[in-house]
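Asks: My questions are about this predicted structure, shown below with the sequence.
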Amino acid sequence: MIMESYLLAAYAYCNLNDPGYMAGFITPMVATALMTMAVLLALFYMAAALFRKPEYESFVSIELHQLLVSALLFVFVLGSTCAASEYADRFAGNGDIFEVGRTYLNFISGSVALPSVISLEILKLHSQFWGSWTMRWGASVWGAILPGFPSFIVIERVADFLLLLISPFTASLLVQMAILEVIRGLVLPFVLPAGLVLRIFPPTRDAGGFLIASSIGFGIVYPYTYVMHDSVVRAMLAHDQRGVNVIAGLQGDYPDMAAYISLSGLFDADSMLFQPLRLLSFLLLQALFLPALSMTLTIAFIKGTAKFMSQKLS
């Protein structure tokens, strides 16, 4: 009764989920597993005494110790998970770390990817229009047809390639949001209790330790890495608000190149082409590198914690 009251208070404090879920599902399930293991050990001890097998009695003694360790581990893991989740939410600005991660991914999708797509689509349509203009030299039989603005054909191909490149990266952001929602709904409410139950029984002790470590890693460490991504990337974007001015730099170092861009008819190459390229670098950062960093940190945490949870703790 005291243990259940403590766990209910801790669960309500960390606000991982409804405290009634703790009293109605997790605690009875773990308590039932503990009592089942205790009954099995009692039967095993009686069989060992009946058949006079001292090695079986030694096994029962060791497993009774592990049963007590599992009960204490249940209290420790749940309490530490609640505390870690609460502190992670506080470091996130008194907000839920999953909400911070989802808001950040929506920001990257809406404020970084979408403006780049719009600019490139406008550039593509603009280039298609002017690139379709042609001029005829000579009579129709032996004359030649030349494009009126040949540079726009190249610009259209560049814009088309960039749009093709952005599509899978934008899809990656949506997949990351879906992964966060799946983790939020499954890992701590279901995987963590399953790991605590499996940790009680000797054949599934390693699997239980792995599930406990995985639930803490994916339920707290993984979403908190998105809080770090949010702080870093937003600061980088705020520092980059001065924009790009490629044409001015080309005029000083490569005047011929700047003249060719101006002659192409592209009235604002910085905002229509080079700024989307700049924003594309931030999109690539979140679509490729930062998720790999999050998974690396999470897997490293799971490997280290699983070894601690799976050992006998004698």
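Replies: Arrived safely.
Asks: which SS state does Met135 fall under?
Replies: Here Met135 is recorded as strand under DSSP: H, G, I helix; E, B strand; the rest coil.
Asks: and it, how many neighbours does it have?
Replies: Other residues near Met135 come to 10 when the count uses other Cβ atoms under 10 Å. In short, each C-beta sits where N, CA and C put it, glycine included.
Asks: going forward can the numbers begin at 371, since that is how I track them
Replies: I'll keep to 371 as the first residue from here, and by that count the last item is Met505.
Asks: Test my guess that it contacts Leu516.
Replies: Yes. Using Cβ atoms under 8 Å, Met505 is in contact with Leu516, at 5.2 Å.
Asks: Now do the closest residue to Val487 other than its chain neighbours against Gly565, distance only.
Replies: Nearest residue to Val487, sequence neighbours excluded (Cβ to Cβ, 6 or more residues apart in numbering): Ile536, at 5.9 Å. With distances taken as Cβ to Cβ, to the nearest Å, Ile536 is found 40 Å from Gly565.
Asks: Report the spatially nearest residue to Phe441, omitting neighbours in sequence.
Replies: Just to correct that, residue 441 is Ala rather than Phe. Going by Cβ to Cβ, 6+ apart, Ala441 has Leu404 as its nearest residue, at 5.9 Å.
Asks: State the helix or strand in which the one you found lies.
Replies: Per DSSP states H and E: Leu404 is located in helix 397-421.
Asks: Point out the other helices and strands that that helix packs with.
Replies: helix 424-461, helix 562-568 (3 or more Cβ pairs under 8 Å, 6 or more residues apart in numbering; DSSP states H and E).
Asks: Give me whichever of those helices is most buried.
Replies: Most buried of the helices and strands packed on helix 397-421, by mean neighbour count (mean count of other Cβ atoms under 10 Å): helix 562-568, with a mean of 22.
Asks: Just the CA coordinates for it, please, in PDB.
Replies: Only the C-alpha atoms of helix 562-568 are listed here, as PDB (Å, rounded to 0.1, in the frame of the first residue of the first chain):
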ATOM      1  CA  LEU A 562       8.200   0.100 -19.800                       C
ATOM      2  CA  PRO A 563       5.700  -2.000 -17.900                       C
ATOM      3  CA  ALA A 564       6.400  -5.000 -20.200                       C
ATOM      4  CA  GLY A 565      10.100  -4.600 -19.500                       C
ATOM      5  CA  LEU A 566       9.500  -4.500 -15.700                       C
ATOM      6  CA  VAL A 567       7.500  -7.700 -15.900                       C
ATOM      7  CA  LEU A 568      10.000  -9.500 -18.100                       C
END
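Asks: Show me the chain divided up by domain.
Replies: With domains defined by automatic domain parsing, the chain comprises 371-454, 462-680.
Asks: got the ones you listed as TSV, with mean pLDDT columns?
Replies: Formatted as TSV, those follow (pLDDT from 0 to 100):
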stretch	mean pLDDT
domain 371-454	71
domain 462-680	80
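Asks: picking that back up, could you check whatever helix or strand the residue nearest to Val487 lives in and say which residues are buried?
Replies: Assessed by DSSP H and E, Ile536 sits inside helix 520-556. For helix 520-556, burial by neighbour count (16 or more other Cβ atoms under 10 Å) applies to 521-522, 525-526, 529-530, 532-533, 536, 539-540, 542-543, 546-547, 550, 553-554.
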